[in-house]
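> the sequence and its predicted three-dimensional model are supplied below.
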Amino acid sequence: MTYKDIAAVSGKPGIYRIVKPTRNGVILESLDEQKKRFIAGMNLRISVLQEVSIFTTSEEGVISIEEVFYTMHQKYGNQLPVDQRSDGNDLTSFLGEIVDNFDREKVYTSDIRKLISWYMIISSQFPELLTKADEAAPAPETEPAEPVKVKKASAPKKGPKSAKA
């Protein structure tokens, strides 16, 4: 399981495992105990966690959620000092400890609550995603080589043989 196999659906709580695409959308499975599946149609906004990031005031402007989760795990493990029901000021100061330059105008308290919720699900279901070393520059993906078209060897033409020395 990787971050590209996990998605969040706008308007629905929690995160989901991407099972497979369909003609009308994608089949998702909840990552809670119930493991409910449903088809997310084209009318829902689905965000793959690999592409989710947090706004920062740095030159890049964002930090990936993978890096944030990795930092959270390094600093706190599975026992976070806050939870989803914590006060907004506590949540803001918590994220400030993890990402010191996050953009306080663009990152809302509800975003931090989602971040904590997602982290707790991933830390309980897929802890291996949190223990991997941070790869700032992922290895370039190699594209499959073009299939080589081999011409079928034609049988030698029958005819008079010439004697060459």
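Ah, there it is.
> please, where are all the strands along this protein?
6-9, 16-21, 25-30, 37-41, 46-48, 53-55, 62-64 (DSSP state E).
> which of those strands is buried the deepest?
strand 6-9 (a mean of 20; mean count of other Cβ atoms under 10 Å). (Each C-beta comes from the backbone N, C-alpha and C, glycine too.)
> circling back to that earlier point, for residue 112, which of the strands of the chain is the nearest?
With Cβ to Cβ as the criterion, residue 112 lies closest to strand 53-55 of the strands of the chain, at 9.1 Å.
> and the chain, what are its domains?
The chain breaks down by automatic domain parsing into domains covering 3-49, 52-131.
> find me the pLDDT at residue 134, would you?
Among the per-residue scores, residue 134 shows a pLDDT of 42.
> relative to residue 80, which of the strands of the chain is closest?
Using Cβ to Cβ, the nearest of the strands of the chain to residue 80 is strand 53-55, at 16.1 Å.
> which residues sit against the closest one?
The contact list for strand 53-55 (Cβ atoms under 8 Å, 6 or more residues apart in numbering) reads 61-65, 68, 95, 99, 102-103, 106-107, 111, 115.
> how far does that strand sit from its chain's centre?
13 Å (Cα atoms, centre = their mean, to the nearest Å).
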